[in-house]
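> Dropping a prediction and its sequence here:
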Amino acid sequence: MAKTIVILAEQMYQEMEIWYPLYRLREAGYTVVVAGPEAGKTYPSKLGYPCKSDISYADLDANVYDGVVVPGGMAPDYIRRDDRANRFVKQMDEQGKLIASICHGPWVLCSAYGMLRGRKATCFFAIKDDVINAGADYSDAEVMVDRNLVTARKPDDLPAFMQATLDVLARQS
């Protein structure tokens, strides 16, 4: 059975950090579902590029999905304000499922009930202090993998980020 991956969306997302993972995961045979605060709503990127959600955060069930991608841009600052998204990410982590987060995306991980505590992670340099204060062992690396957690710094890291993401998914049963 094909695995299904959720990509969290909100306004002001970084274009490449939603679309590159979405198409790369589909190319690899995964089903990809975009979740936003409201189902069927269109969320504009930083440059206005539209991304329409398939489902709402209220519809998320960690027992149904195999992984979650948290993109960057300013969207994570909006995503983490929604407790439904934070709970979903935390529950996915508790089940050992893929959590892939790039650039400003780890802001959501900072709000996901302590899930970064004691974990190796990287992020965009501007939120480094937030990630460290959330308890992560921060490193300025292209990509970091800590069990089911994959983090990367910026759009230039997308190839390494997606390779690590696909490697983690391949290891999951």
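Here it is on my side, so go on.

> dump the residue contacts of His62.
In this structure residue 62 is Ala, not His. 88, 91-92, 94-95, 97 (Cβ atoms under 8 Å, 6 or more residues apart in numbering). Where C-beta positions appear, they are placed from N, C-alpha and C, glycine not excepted.

> at 6 Å what do you get?
91-92, 95 (Cβ atoms under 6 Å, 6 or more residues apart in numbering).

> Just among those, which is most surrounded?
Neighbours here mean other Cβ atoms under 10 Å. Within the contacts of Ala62, the largest count is held by Met92, at 23 neighbours.

> Helices - which of the contacts of Ala62 land there?
91-92 (DSSP state H).

> Dump the contacts of Ala62 to a markdown table, plus distance to Pro21.
Listed next are the contacts of Ala62 as a markdown table, based on distance: Cβ to Cβ, whole Å:
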| residue | distance to Pro21 |
| --- | --- |
| Gln91 | 20 |
| Met92 | 15 |
| Gln95 | 20 |
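
> Just the closest of the contacts of Ala62 to Ile55, please.
Met92 (14.8 Å; Cβ to Cβ).

> The closest one contacts Gly67, doesn't it?
No: counting by Cβ atoms under 6 Å, Met92 stays clear of Gly67, with 7.2 Å between them.

> Nearest residue to the middle of the chain?
Val70 (1.8 Å; Cα atoms, centre = their mean).

> could you pull out the strands for the protein?
Remark: strands assigned in the chain by DSSP state E are 4-8, 31-36, 42-44, 50-52, 55-56, 67-70, 98-102, 120-121, 137-138, 143-146, 149-152.

> If Ile5 is in a bridge, with which residues?
Under the criterion DSSP bridges, Ile5 forms beta bridges with Val32, Gly67.

> ok, it touching Arg24?
No: the pair Ile5 and Arg24 does not pass the contact test of Cβ under 6 Å, sitting 10.4 Å apart.

> who's more crowded, those two?
Neighbours per residue (other Cβ under 10 Å) separate Ile5 from Arg24, with Ile5 holding more: 24 against 19.

> show me the contacts for the more buried one.
25, 30, 32, 67.

> again, only using 7 Å
25, 30, 32, 65-69 (Cβ atoms under 7 Å, 6 or more residues apart in numbering).

> Nothing else from me, thank you.
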